[in-house]
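S.K.: okay, here's the prediction I keep looking at, along with the sequence it came from:
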Amino acid sequence: ATFNEYKLKVPVMGVILLDAELEHCLLVKGMKANASWGFPKGKRDKGEKDIDCAAREVLEETNFDASELLKEEWSIEVTTKKTGQRTKLYILPGVDKATPFEPRCRGEISEYAWFPVEDLPAFDGGNKVFTEDDGSRHNFFKVQPFTFALREWIKKSRPDQGLHPGPSPSRPCQFPS
């Protein structure tokens, strides 16, 4: 197999950082002019655990230390049909939106932004490129495969009870509209 074929099979791990209200997620944008917005993530090293890779990648790309905060059960996994590549993103709720983010490595990330989860494109048919009034374009190709599962996870989590996912029998799930 060529290096490119191999590269496409290496599992990718990352983190979806959510604010305390579970309404916004942090996206990062690469350095290329046509770079897509995406979650902080990267390729797993040989022998590295998924969760350790996710924490390492988010630290490298944002300088945010999530190593003590990630939970195996709070994750979304997607396997690309074409290449069989596995991408797993851990969901990390409760991140302060005032957190200063910066890459540990120069030349990797050009921008950080908090995006409303409800505005993210969810299905293949949806528009994954948004053009702003000033003509700047935002691509969300790397986000779209995770949007639906992320919204489902948020629905199950109770914002009124802090970070304890799962509906409570005594209290129906209610979301601020």
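M.R.: Here it is on my side, so go on. Nothing here was measured: the structure is a model prediction, and the numbers come from that model.

S.K.: mind checking the pLDDT average for stretch 110-127?
M.R.: Mean per-residue pLDDT for stretch 110-127: 78.

S.K.: strands along this structure, start to end?
M.R.: Shown for the chain, the strands assigned by DSSP state E span residues 12-17, 24-30, 37-38, 41-43, 75-79, 86-92, 109-116, 129-131, 137-139.

S.K.: out of those strands, deepest packed?
M.R.: Across the strands of the chain, averaging neighbours per residue (mean count of other Cβ atoms under 10 Å) puts strand 12-17 on top, at a mean of 27. Glycine gets a C-beta too; all of them are placed from N, C-alpha and C.

S.K.: what helices or strands is that strand leaning on?
M.R.: With contacts defined as 3 or more Cβ pairs under 8 Å, 6 or more residues apart in numbering; DSSP states H and E, the packing partners of strand 12-17 are strand 24-30, strand 41-43, helix 50-62, strand 86-92.

S.K.: on contacts alone, who are the packing partners of the second one?
M.R.: The one in question is strand 41-43. strand 12-17, helix 50-62.

S.K.: the shortest one pairs with which strands, and in what direction?
M.R.: Put plainly, it is strand 12-17. The pairing partners recorded for strand 12-17 under DSSP bridges are strand 41-43 (antiparallel), strand 86-92 (parallel).

S.K.: next, the angle strand 75-79 makes with the longest one.
M.R.: For strand 86-92 against strand 75-79, the angle between stretch directions is 160 degrees (axes from the mean of the first three to the mean of the last three Cα atoms, to 10 degrees).

S.K.: then strand 86-92 to CSV, C-alphas only?
M.R.: Only the C-alpha atoms of strand 86-92 are listed here, as CSV (Å, rounded to 0.1, in the frame of the first residue of the first chain):
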residue,chain,number,x,y,z
ARG,A,86,-12.1,5.4,11.9
THR,A,87,-12.6,8.8,13.5
LYS,A,88,-13.6,9.0,17.1
LEU,A,89,-14.5,12.3,18.8
TYR,A,90,-14.9,12.6,22.6
ILE,A,91,-17.5,15.1,23.8
LEU,A,92,-16.3,17.5,26.5
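
S.K.: how far off helix 50-62 does it point, in degrees?
M.R.: Using the same axes, to 10 degrees: strand 86-92 against helix 50-62 is 70 degrees.

S.K.: residues contacting strand 86-92, please?
M.R.: Defining contact as Cβ atoms under 8 Å, 6 or more residues apart in numbering, one finds that strand 86-92 is touched by 11-18, 39, 41, 50-51, 54, 66, 69-71, 74-80, 145-146, 150, 153.
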